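A.B. asks: Sequence plus the predicted model coming up.
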Amino acid sequence: MKIVIAGGRDRADFLISFLMNKKHVLTVINDSPEYCKYLASTHEIPIIYGDPCKEYVLEEAHIREYDVLIALKPDDADNLAICQCAKRVFGIKKVVCTVSNPKNVDVFKRLGVNTVISATYMISQHIERATSVESLREALSIEDGKIVMDEMIVDDSHYCSGKKVRNLNFPPNTIITCVMRGENNVFVPSADTVIETGDKLFVLSSPANRDAAVTALTGK
């Protein structure tokens, strides 16, 4: 995959190393001459000195054929401008940015940014999940948040324990995709599968139906 990284300091350096290890093709745009010199001395990839908020700088970086742009500047408005220019002018389909203000997550998504990352927002979401359902171990958003995969370990207080899958009052667009029973027994459940205490369930749902799916399993 061909990826542009615009702005950033330590986060950019870590991300560059990670993506290079995954064999992606990278171009970096940064407005710090010192940081560009550092990156050029440590990574054998194209390093463009310039402000990625400027259209002509993105043009000089030849990003039109790239698949993804990641904006890491400290200013949220700059990152939005970079992402919108990359999409509208250069035809990049997938744009990602970080934000300092968690209130900008939903706003930026409505304005066309595919993925918006806020550490504060992510922490608050995890706290909310952990507080409402202690048994939910992990949640993964798929396809830009259109689908949610939850991992859950069943205990004997849960409504689903001892029940057949067909008897669980699941909302629409919800399914148990996989059951892990013990260390070596992994299977796709049928409607007649009985859920047992200790089972690890992988549950696929839409974000709108996630809470109802949790209630169907836990009774909480």
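C.D. replies: Alright, I've got the coordinates.
A.B. asks: Show me the domain layout of this structure.
C.D. replies: 2-118, 133-218 (automatic domain parsing).
A.B. asks: and these, which one is worst for confidence?
C.D. replies: Here the lowest mean pLDDT among the domains of the chain goes to domain 133-218, at a mean of 82.
A.B. asks: Buried deepest among the domains of the chain, which one?
C.D. replies: For these, average neighbour numbers computed from mean count of other Cβ atoms under 10 Å are highest in domain 2-118, which has a mean of 18. From N, CA and C alone the C-beta is placed, and that goes for glycine too.
A.B. asks: Return the distance of that domain from the chain's centre.
C.D. replies: Distance, stretch centre to chain centre, for domain 2-118: 16 Å (Cα atoms, centre = their mean, to the nearest Å).
A.B. asks: Please renumber the chain so that the first residue is 478 from this point on.
C.D. replies: Sure thing, new numbering starts at 478, so read that last one as domain 479-595.
A.B. asks: secondary structure class for residue 626?
C.D. replies: Counting by DSSP: H, G, I helix; E, B strand; the rest coil, the backbone at residue 626 sits in strand.
A.B. asks: just checking, it touches residue 679?
C.D. replies: Yes: between residue 626 and residue 679 there is a contact at 6.3 Å, judged by Cβ atoms under 8 Å.
A.B. asks: Could you pull out the residues contacting both of those two?
C.D. replies: Both residue 626 and residue 679 are contacted by residue 654, under the criterion Cβ atoms under 8 Å, 6 or more residues apart in numbering.
A.B. asks: Helices of the chain, residue ranges please.
C.D. replies: Ranges of helices in the chain, per DSSP state H, are 487-498, 510-519, 532-537, 553-565, 581-587, 596-609, 687-695.
A.B. asks: now the ones you listed in JSON lines, with distance to residue 643?
C.D. replies: Putting the helices of the chain into JSON lines (distance: least, Cβ to Cβ, whole Å) gives the following:
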{"stretch": "helix 487-498", "distance to residue 643": "44"}
{"stretch": "helix 510-519", "distance to residue 643": "57"}
{"stretch": "helix 532-537", "distance to residue 643": "54"}
{"stretch": "helix 553-565", "distance to residue 643": "45"}
{"stretch": "helix 581-587", "distance to residue 643": "37"}
{"stretch": "helix 596-609", "distance to residue 643": "26"}
{"stretch": "helix 687-695", "distance to residue 643": "12"}
